[in-house]
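J.: this one's sequence-less:
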């Protein structure tokens, strides 16, 4: 099997030309690739040399007590630097060897390959032209002359037969003889040309063309052998397993192995050992208790006089701890955080010991003068307002607190959809994932992609979304139709039927709107006071009490993930109730556009919409775990 025996047709010739072109392209890519490798080796060697020069330039003798200390780490470091410099020399030599060896040879081979392709194409075209000339062009010319001679002879014969006079008959006979002679000559010439074409055709396909293709195959195989030797030489030069490179890395590995962290500083410690004792720590001064009664050192005094103060301090420590974790700009030491936690734990331990009992009396007064009921009610209300928000902070564990079960309030199915507690309006789909937690949790929202409403249910570890169909003024999912969506939801919830026939989803518990949800009609928009990343900011007032508010709007054409980030501000603000942080009034999600309503900081605004006031209350950035969110989008200077 070879080129000469199997590649005879023009299609095979076209395939051979494509093969030559692809091999030329491959060799050019190899040449560029090797050139890039040589360039990289050269640049790498320069960088390695610059590293060693930088160390030599910047290295300075150690100052102070450790000046005479020469550790194993320093020795190993010196070996790494010196061997790296030697490696740069090896890389430089390898770059030069690549340029002088494989790359130079490959350049010459590409030139020879191009010449071979050109010569082969010329010879092939020449042979095809000669074959076409002998077997087609010449035969077509003779056939045309043959046909003309046949027509001339037939015409001369017809005129000879039609001639009446003897003189005309003699002339016609002479012309007929000449035409017949020319016909016979053309016949003989055509027979000879056909035979010659047959012989040349057989010779072309049996000897001439196979010889050309066989010569091409031999040269191709020889060039492949040369290319193999070039690639082998490139591999031998560029391999990272070269004995010099291996030796260098072994030296580095030995130097690193010699480093013993446990014995590194033995000599240094021996030379610079401290002789003084550790300074005394602060202790409780017991002399302060000489003129007091029933006060114990190192213990918090909890009684009816100090209860409110202790609870307030616990709240303050908890909030300070939470703020320290949230603010990325302020990095406190571990000691400060440990101090706050220790103080909080001492106070919390005392409160846990007290439990639901009344605190002991600090004053020895007549029991009749103390109102136990008032004290008890005061403590309970104070615990609910101060202590529980403190321990609900995410920075502290709250496993000791009992979570009351959620009460399912009866629903009035006759109320409009917008007044149903489980209708959440135009909240994004990503926001739904934050609300649904357990199997059977559900809510109804406005669809963002289509006109209509969507029933979202958490089931089997994922959130399912069902588009509520409205045909002929009847609302349905996969079965019976109802005149309103509240009737449909009430039927599915009370009958415990599957939402769809194909799935096993069942409605268990509605997720109701929280206290922050407002209606759009509850807010009266005023003038434009600024613009944020998500939309415009307006001043306004509440329709109920005419209180001034700031209203942030969300653009309707924002992507769902951006709308979710917009609502994330409201979720963060819900957790804070501080005099120096802007207060959240509510969120309007019943329809588009979505509003976030906050208290308005009084002051004037400059032309770009920034609030300029003298109040300490600022619209400050809250640091979330994975992003920085500027609440309000308007800063107060």
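T.: Sure thing, it's come through. Quick caveat, the model's predicted, so the values are computed rather than measured.
J.: pLDDT below threshold where in the stretch 201-350 of the chain?
T.: Counting by pLDDT under 70, the stretch 201-350 of the chain contains low-confidence residues at 326-334.
J.: the chain too?
T.: Ranges of the chain meeting pLDDT under 70: 60-69, 326-334, 363-412, 603-637.
J.: you'd agree residue 131 is in a helix?
T.: Yes - counting by DSSP: H, G, I helix; E, B strand; the rest coil, residue 131 is found in a helix.
J.: could you chop the protein up by domain?
T.: Residue ranges for the domains of the chain, per automatic domain parsing: 9-58+69-238, 301-327+336-360+373-391, 417-510, 520-630.
J.: nearest to residue 270, out of these?
T.: If you check each of the domains of the chain against residue 270 by C-beta to C-beta, domain 9-58+69-238 wins as the nearest, at 9.6 Å. Quick note: C-beta positions are derived from backbone N, CA and C, even for glycine.
J.: quick check on residue 426: phi, psi?
T.: Main-chain torsions, residue 426, degrees, to the nearest 10: phi -100, psi 40.
J.: contacts only, for the nearest residue to it once chain neighbours are set aside.
T.: Closest residue to residue 426 apart from its sequence neighbours, by C-beta to C-beta, 6 or more residues apart in numbering: residue 446 at 4.5 Å. Contact analysis of residue 446 by C-beta atoms under 8 Å, 6 or more residues apart in numbering lists 425, 426, 453, 454, 591, 592.
J.: hmm, which of these are the buried ones?
T.: The neighbour count (16 or more other C-beta atoms under 10 Å) marks 425, 426, 453, 454, 592 as buried among these.
J.: assign the last one to helix, strand or coil.
T.: Assigned by three-state DSSP, the conformation of residue 592 is coil.
J.: now, which of the buried ones among the contacts of residue 446 sits nearest residue 314?
T.: For the buried ones among the contacts of residue 446, with residue 314 as the reference and C-beta to C-beta as the criterion, the closest is residue 425, at 38.2 Å.
J.: surely that closest one forms part of a strand?
T.: No - secondary structure of residue 425 (three-state DSSP): coil, not part of a strand.
J.: quick check: it vs residue 418, distance?
T.: From residue 425 over to residue 418 the distance is 8 Å, taken as C-beta to C-beta, to the nearest Å.
J.: mind putting the domains of the chain in TSV, distance to residue 1 included?
T.: Output for the domains of the chain, formatted as TSV (distance: least, C-beta to C-beta, whole Å):
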stretch	distance to residue 1
domain 9-58+69-238	10
domain 301-327+336-360+373-391	77
domain 417-510	61
domain 520-630	62
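J.: which among these is found nearest to residue 268?
T.: Comparing the domains of the chain by C-beta to C-beta, domain 9-58+69-238 comes nearest, at 4.8 Å.
J.: related to what we said a few turns ago, could you dump the contacts of residue 446 into CSV and include distance to residue 185?
T.: Conversion of the contacts of residue 446 to CSV gives the following (distance: C-beta to C-beta, whole Å):
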residue, distance to residue 185
425, 106
426, 101
453, 101
454, 98
591, 104
592, 100
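J.: neighbours of the nearest residue to residue 13 once chain neighbours are set aside, how many?
T.: Setting aside the residues directly before and after it, residue 13 is nearest to residue 124 in space (C-beta to C-beta, 6+ apart), at 6.0 Å. Using other C-beta atoms under 10 Å, residue 124 is surrounded by 18 other residues.
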